[in-house]
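Trainee: Kindly return the folded structure for what I paste below:
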Amino acid sequence: MPSRFNSPSSLKDAEALVKNLGIDFDVIPIDDLYESYLKTLTPFFQGKPLDETEENIQSRIRGMILMALSNKLGYLLISTGNKSELAMGYCTLYGDMAGGLGVLADVSKTQIYMLARWINQKKNHDSSIDDR
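Mentor: Model (predicted):
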């Protein structure tokens, strides 16, 4: 769900991830919704500098879209927050905290990095065996 705050590499990374996982890839642009939010909030934000508020709006839009898809299509939305982020409050309420299940809620960020390294090493090792 790209918006003005995403780097061009974000979309490429997402495409690579879904290809590796063998899942569908859908793009839902959110910039029009984001603009609508800003237009609605402009009278209340006047005179205030841009800050994380405007970035958090995009996260909340994504959360609402994902929850709508979850409700309509019978999916379970999984929250992306991990134990470290939740403990520090480094997550957006009603944004990346949205979801019916927090599978990473008791896993620290350092453990997630260790798991990712292990998975990548295993994948690289298994693919080198397949290449023989």
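
Trainee: The residue nearest the centre of the chain: helix or strand, and which one exactly?
Mentor: The structure's the chain has its C-alpha centroid closest to Asp96; by C-alpha atoms, centre = their mean the separation is 6.1 Å. Asp96 is part of no helix or strand when elements are defined by DSSP states H and E.

Trainee: And the pLDDT at the closest residue to it other than its chain neighbours?
Mentor: Counting by C-beta to C-beta, 6 or more residues apart in numbering, the nearest residue to Asp96 once its immediate chain neighbours are dropped is Thr80, at 4.8 Å. No exception for glycine: its C-beta is placed from N, CA and C like everyone else's. For Thr80, the pLDDT comes out at 86.

Trainee: do the one 5 residues further on as well
Mentor: Looking at Glu85, its pLDDT is 86.

Trainee: same deal with Leu17?
Mentor: Reported pLDDT for Leu17: 89.

Trainee: isn't the residue nearest to the centre of the chain right up against Ser59?
Mentor: Yes. With contact defined as C-beta atoms under 8 Å, Asp96 reaches Ser59; the gap is 5.5 Å.
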